[in-house]
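**Q** Just to be clear, the model below is a prediction. Sequence and coordinates:
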Amino acid sequence: MSGDAVYREHEADLVVLRRETVATDVVALTLADPAGDALPGWTPGAHIDLVLDEGLTRQYSLCGALRDRTSFRIGVLRAPDSSGGSQFVHDALKEGSQVRVRGPRNHFALVDAPRYIFVAGGIGITPLLPMIESAQQRGVPWTLAYGGRQRASMAFGDELARHGDRVRVWPQDEEGLLDLPAILGDPRPDTLVYCCGPEQLLSAVESQCATWPPGALHVERFAPKPAEPAAAADSPFELVLQRSGITTVVPADQTILEVVEGAGISLLSSCRIGTCGTCEQEVIAGDIDHRDSVLTSEDREAGEYMMICVSRCRSERLVLDL
Amino acid sequence: MSRLAGNYPLNCWYVAATSDEVGRGLLGRTVLGQPVLFYRLRSGAVAALEDRCPHRSLPLSYGTLSDDEVVCGYHGMAFGPDGGCVRVPSQENVPYGARARSFPVREEPPFVWIWMGHPATSTLSDPPAVPWLRDADWATFGETLQVEANYLLLHENALDLTHFPHVHPGLSPSPYLGTPPRLEIEVTETTVSYYRDFPPSPLVDWQARTTGLPQDRDYAQRESGELVSPGLHVDRMHVFATGDGGDGAGSYDKILTRAFTPLGPRSTVVHWQVSRNYLTSQPQVSDQLRAVHHATLTADKRLLEAIQARADRFGAGEEFNVSADVAGLRAHRIIEDMLSAERGWQPARTGMPAVR
């Protein structure tokens, strides 16, 4: 029975060591253990959850130095129309404040390649900073195109300046939208494209990269991918949890995650809207209806993993390695 | 997913040797399937070169150490600690670009760590911290053991203690024998750890002998373990004494530090160290603990070698998982993600590469 194992992510109360305004409406927070203990290791592209008030949880990419094991740095944009996470960070987290942190985890991992093109929109620059540090250290050629509304709203420009003309800062009010055909060029088999930013940018890069080799484009979304045209109403299916020896049913109005939790099984979950990747599970059998914003089209085709907070099953039976 | 093949990340610190093994001689050793030469410079620092003369491929460990240079035993070519060829006896000039590969090394006694991946990326991380191995408040001893099995089999074995009462019945702490209490598992992007809290129960013979605590009393215990990296596993055992019966109150802690270093796909070197924070000045306690760990590590070695040998002969078979395997499964996932990032290019998560 899985009931005798409790599975959770690393969680810790960290303190805000430093808070700096790094651009209009953007603060960079440096978080550390109050006792100065080492923090868990992470790799470029990783993010953490800030567990804010009343169950409000938000994901922020780590953008500090890779070798620094004593602090996490995040960049937070104040988004007035958001559901309140960034407002809370801006208004309530001062130097010395304590905040609950979960993770890190990584669903935007930097894969080894001979060459990279990085494309950032606004605060989407954050996960790309450690990627650039890694590529630079390895001596791998890379370029960054960094778009934003205006220069003053674009964070970390000063840190990027030392990279010279590898970095092209592209404020919209001065130069218009990113010229993606020129930035990306023709598809190249030796190049990976990493892009993070608002949905509009991600969709544009996705369509520009349609003719690139599969697996060449890696994107990270801050918000769930816009829902595809609604299919017919969800239907129930049988759920088999192989390791636990449980067979049950997922009704039309419940998620797999809810049913698994209801069966008394401990597993990891965080955002519950298909963006953070925490609840990912290995699939043994079943025709998966992927509805998350994490897996790439190659992952989906492979059909080995699914995010059980939002995704469902088209066949009558789904078997999970749980 | 094959856990029996060449499935170790290169971009990771591994223990290549213990400090006392590296001196002013030439130490040739296989690490991650590659021959490596270790020696100590006059400054005390450790150098690591590929153990192959780039001229005619004689292992450099067949040569001699002269000052800080390695002199090949075939034609007398000399190489500096960075691998660069500094002398060719038969001609005046050294050919441009003549060099042996060198590897980043970090010594933190008792361990000498090596980075076999991209040399420049070694500066982006440090070897895992194991401060208790050098802490004066702890007594530590260690040995090296070779196990003819893939290193992931060793990690799986270390991350699951439900095998303990079955493989080590005479040595298993008494709480293990009943239904195990809840297993608490914690994950991060790069690590997985677990702990179990055992309700008060009597100590078994070796625990009583090595702690000096009486056997007619009950003690709460906690055991924990962590996959710190593909190259390191740390186990802790705590016996909590309340001091009621005149025994010394406090936590009697024992740490088993195991550095797993793949020699190749089917062979692993284990540099193990046992540390304790009690009776630190009593050498007989070290002897007793040494005997206990010898027994458990040897029994595990025998099993893991049988699993590897069976797979080599008949192929990896289908396996099923139970809930106690969850930490081991997570370890697979962490390492699989590291491997797929290193493999580059291919879509992630296509399973571990099977090296044939």
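**A** Looks like it arrived, so ask away.
**Q** CA atoms for contacts and neighbours, from now on please.
**A** Will do.
**Q** Tell me which stretches of chain B form helices.
**A** Under the criterion DSSP state H, chain B contains helices at B:151-159, B:164-167, B:205-211, B:283-314, B:326-343.
**Q** Could I get the ones you listed in a markdown table, plus columns for distance to chain A, mean neighbour count and mean pLDDT?
**A** Supplementary listing: the helices of chain B in a markdown table, determined by distance: least, CA to the nearest CA, whole Å; neighbours: other CA atoms under 10 Å in any protein chain shown; pLDDT from 0 to 100:
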| stretch | distance to chain A | mean neighbour count | mean pLDDT |
| --- | --- | --- | --- |
| helix B:151-159 | 13 | 23 | 95 |
| helix B:164-167 | 17 | 15 | 88 |
| helix B:205-211 | 26 | 17 | 93 |
| helix B:283-314 | 22 | 15 | 96 |
| helix B:326-343 | 4 | 21 | 89 |
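**Q** now for those, which one comes closest to B:M77?
**A** Closest to B:M77 of these is helix B:326-343 (CA to CA; 34.4 Å).
**Q** Can you pull out the residues in contact with the closest one?
**A** Helix B:326-343 has contacts (CA atoms under 8 Å, 6 or more residues apart in numbering or on different chains) with A:109-112, B:7-11, B:152, B:155-156, B:159-160, B:185, B:187, B:189-194, B:227, B:230, B:346, B:348-352.
**Q** Would you write a PyMOL line that selects the buried entries of those residues?
**A** The buried subset of the contacts of helix B:326-343, as determined by 16 or more other CA atoms under 10 Å in any protein chain shown, is captured in PyMOL by this line:
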select buried, (chain A and resi 109+110+111+112) or (chain B and resi 7+8+9+10+11+152+155+156+159+160+185+187+189+190+191+192+193+194+227+230+346+348+349+351+352)
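**Q** can you list the residues of the stretch 51-200 of chain A near chain B?
**A** A:66-67, A:103-106, A:109-113, A:134, A:137-138, A:192 (CA under 8 Å from any CA of the partner chain).
**Q** and these, which are buried?
**A** Buried members of these, counted by 16+ other CA under 10 Å: A:66, A:103-106, A:109-113, A:134, A:137-138, A:192.
**Q** Which of those residues sits closest to A:V51?
**A** Using CA to CA, A:G103 comes nearest to A:V51 of these, at 10.7 Å.
**Q** so what's that closest one scoring on pLDDT?
**A** As predicted, A:G103 sits at a pLDDT of 91.
**Q** you'd agree it is up against B:T188?
**A** Yes. With contact defined as CA atoms under 8 Å, A:G103 counts as touching B:T188 (5.6 Å).
**Q** list the contacts for residue 17?
**A** Since no chain was named, I'll use chain A. A:L17 makes contact with A:L29, A:T30, A:L31, A:A32, A:E95, A:G96, according to CA under 8 Å, 6+ apart.
**Q** think we crossed wires, I meant chain B
**A** Going by CA under 8 Å, 6+ apart, B:A17 touches B:F111, B:V112, B:W113, B:H271.
**Q** one more time with 7 Å, if that's ok
**A** Contacts for B:A17 (CA atoms under 7 Å, 6 or more residues apart in numbering or on different chains) come out as B:F111, B:V112.
**Q** how close does it get to chain A?
**A** Using CA to the nearest CA, to the nearest Å, we find B:A17 at a distance of 24 Å from chain A.
**Q** Can you check the contacts of A:L17 and name whichever has the most neighbours?
**A** Using other CA atoms under 10 Å in any protein chain shown as the neighbour criterion, A:L29 leads these with 27 neighbours.
**Q** which bits of chain B sit near chain A?
**A** Residues of chain B lying close to chain A (CA under 7 Å from any CA of the partner chain) are B:120-121, B:124-125, B:182-190, B:321-323, B:341-347.
**Q** show me what contacts the residue nearest in space to the middle of chain B?
**A** The centroid of chain B falls nearest to B:A259 when counting by CA atoms, centre = their mean (1.2 Å). Going by CA under 7 Å, 6+ apart, B:A259 touches B:V15, B:G231, B:L232, B:H233, B:V270, B:H271, B:W272.
**Q** how does it look with 6 Å?
**A** If you count contacts by CA atoms under 6 Å, 6 or more residues apart in numbering or on different chains, B:A259 has them with B:G231, B:L232, B:V270, B:H271.
**Q** Same question for A:V22.
**A** Residues in contact with A:V22, defined by CA under 6 Å, 6+ apart, are A:A155.
**Q** for the biggest strand by length in chain A, which positions count as buried?
**A** Using DSSP state E, we find that the single longest strand of chain A is strand A:11-23. Within strand A:11-23, the residues that count as buried by 16+ other CA under 10 Å are A:E11, A:A12, A:D13, A:L14, A:V15, A:V16, A:L17, A:R18, A:R19, A:V22, A:A23.
**Q** now do stretch B:39-58
**A** Buried-residue list, stretch B:39-58, by 16+ other CA under 10 Å: B:39-41, B:46-54, B:58.
**Q** tell me the mean pLDDT for it?
**A** Taken as a whole, stretch B:39-58 carries a mean pLDDT of 98.
**Q** how does the chain divide into domains?
**A** Answering for chain A, as no chain was given. Domains of chain A are assigned by automatic domain parsing as A:12-104, A:115-220, A:237-320.
**Q** That was the other one, I meant chain B.
**A** B:13-124, B:131-343.
**Q** By mean pLDDT, show me the worst of those domains.
**A** The minimum mean pLDDT among these belongs to domain B:131-343 (a mean of 91).
**Q** Would you mind measuring the gap between the ends of it?
**A** From its first residue to its last, domain B:131-343 covers 33 Å (CA to CA, to the nearest Å).
**Q** again with stretch B:36-44
**A** In stretch B:36-44, first residue to last residue: 19 Å (CA to CA).
**Q** What lies in contact with that stretch?
**A** Stretch B:36-44 is contacted by residues B:22-24, B:26-30, B:46-51, B:68 when judged by CA under 6 Å, 6+ apart.
**Q** now the helices for chain A?
**A** Assignment of helices within chain A using DSSP H yields the ranges A:85-92, A:128-138, A:157-160, A:172-175, A:180-184, A:199-208, A:256-262, A:297-302.
**Q** Give me the buried positions along the fifth one.
**A** Think helix A:180-184. Residues A:L184 are the ones in helix A:180-184 that count as buried (16+ other CA under 10 Å).
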